[in-house]
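Asks: no sequence for this one, just the structure:
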């Protein structure tokens, strides 16, 4: 993106074998960047924040007789991801093993999938989770941010939301946030999050009107927001993304 005039909403990630495992891992911290993902002959081994994969559609391909990533290990993870609500299409190739040529053999299906899933820069709902054990490795941006929501500080709070999640892959003790918006009203649910920020874009919100933010069922902000030059430049440097331009930030303390 630094060297070519690409469309940032049509950037996808894919990989085979350990690159397939790496594709899953990249979505834990880099979901903001990608429209969709295609992990081939891999598995999400090492993923701890499966919740973050809910932000990006996936198309996974594995071979039935693969001995490097055996399907008897992959299938339960696929079922667990689908039960969690991750948008995952799974294709298992009968009688085939650990074959990187799947990229060529199923090229049309892969390309059709990617073409059907450009990135939505300001989705109506975002999910994000931090792994405190990895903060010394990948803390800060982009690991703290998903599109227009950012976890600023994790920790114990008096106010926590209740989440209903399917499957058994979610690390329930990790700090998490779920944010939705309709018009200028933003609803945020948190658990184990002390402070968060809503990144403000005129492509998402009407800056001429009042913005409302409700945290765990209680109003935590109401007012108008003016563009701020420092915030514009700071976020532009972080994202390096012409489709994700933010003019200000609204910081919220969960326990006021």
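Replies: Good, I have the coordinates. For clarity, every value in this text was computed on a predicted model and none was experimentally measured.
Asks: For the rest of this, base every contact and every neighbour count on C-alpha atoms.
Replies: Fine.
Asks: Now residue 16: phi and psi?
Replies: Torsion angles at residue 16 (phi, psi; degrees, to the nearest 10) stand at phi -120, psi 150.
Asks: hey, what's it bridged with?
Replies: In this entry, residue 16 is beta-bridged to residue 40, by DSSP bridges.
Asks: Around it, count how many other residues there are.
Replies: For residue 16, the count of nearby residues is 24 (other CA atoms under 10 Å).
Asks: ok, now residue 94?
Replies: For residue 94, the count of nearby residues is 10 (other CA under 10 Å).
Asks: Quick check: the gap between it and residue 40.
Replies: Using CA to CA, to the nearest Å, residue 94 is found at 15 Å from residue 40.
Asks: Equivalent analysis for residue 34, please.
Replies: 17 Å.
Asks: Compute the number of surrounding residues for residue 230.
Replies: Residue 230 is flanked by 11 other residues according to other CA under 10 Å.
Asks: got a list of contacts for the strand or helix carrying it?
Replies: Assessed by DSSP states H and E, residue 230 sits inside helix 229-239. By CA atoms under 8 Å, 6 or more residues apart in numbering, the surrounding residues in contact with helix 229-239 are 141, 245-249.
Asks: Could you do stretch 103-120 as well?
Replies: Outside stretch 103-120, the residues that touch it by CA under 8 Å, 6+ apart are 9-12, 34-38, 40, 57, 59.
Asks: Which pair of these spans the longest distance?
Replies: 9 and 40 (22.0 Å; CA to CA).
Asks: which of the two has more neighbours?
Replies: Legend: neighbour count by other CA under 10 Å for residue 9 and residue 40, higher for residue 40 (27 against 19).
Asks: ok, the more buried one touching residue 18?
Replies: No. Look at residue 40 against residue 18 with CA atoms under 8 Å: they stay out of range, at 9.1 Å.
Asks: can you tell me how far residue 37 sits from residue 44?
Replies: Relative to residue 44, residue 37 is positioned 12 Å away (CA to CA).
Asks: Revised request: answer the last question for residue 100.
Replies: Look at residue 100 and residue 44: by CA to CA, they are 17 Å apart.
Asks: among the contacts of helix 229-239, which two are most distant?
Replies: 141 and 247 (17.4 Å).
Asks: Looking at those two, which one has more neighbours?
Replies: Applying other CA under 10 Å to residue 141 and residue 247 shows that residue 247 carries more neighbours, namely 22 against 14.
Asks: tell me the contacts of the more buried one?
Replies: Neighbours of residue 247 in contact, by CA under 8 Å, 6+ apart: 199-202, 226-229, 231-232.
Asks: same check, this time on residue 202
Replies: Counting by CA under 8 Å, 6+ apart, residue 202 touches 246-247.
Asks: got it, and the one 5 residues further on?
Replies: When the contact criterion is CA under 8 Å, 6+ apart, the partners of residue 207 are 224-226.
Asks: before we move on, what about residue 253?
Replies: Contacts of residue 253 by CA under 8 Å, 6+ apart are 194-196.
Asks: mind checking how far it is from residue 5?
Replies: Distance, residue 253 to residue 5, by CA to CA: 39 Å.
Asks: Residue 225 too?
Replies: Taking CA to CA, one finds residue 225 at 31 Å from residue 5.
Asks: And these two? Which one has more around it.
Replies: The residue with more neighbours, out of residue 225 and residue 5, is residue 225; 17 against 7, by other CA under 10 Å.
Asks: Look up the closest residue to the more buried one, ignoring the ones flanking it.
Replies: Leaving out its chain neighbours, the residue that sits closest to residue 225 by CA to CA, 6 or more residues apart in numbering is residue 207, at 6.3 Å.
Asks: From residue 248, how far off is that neighbour?
Replies: If you measure residue 207 against residue 248 using CA to CA, the figure is 11 Å.
Asks: go on, residue 150?
Replies: Per CA to CA, residue 150 is found 13 Å from residue 248.
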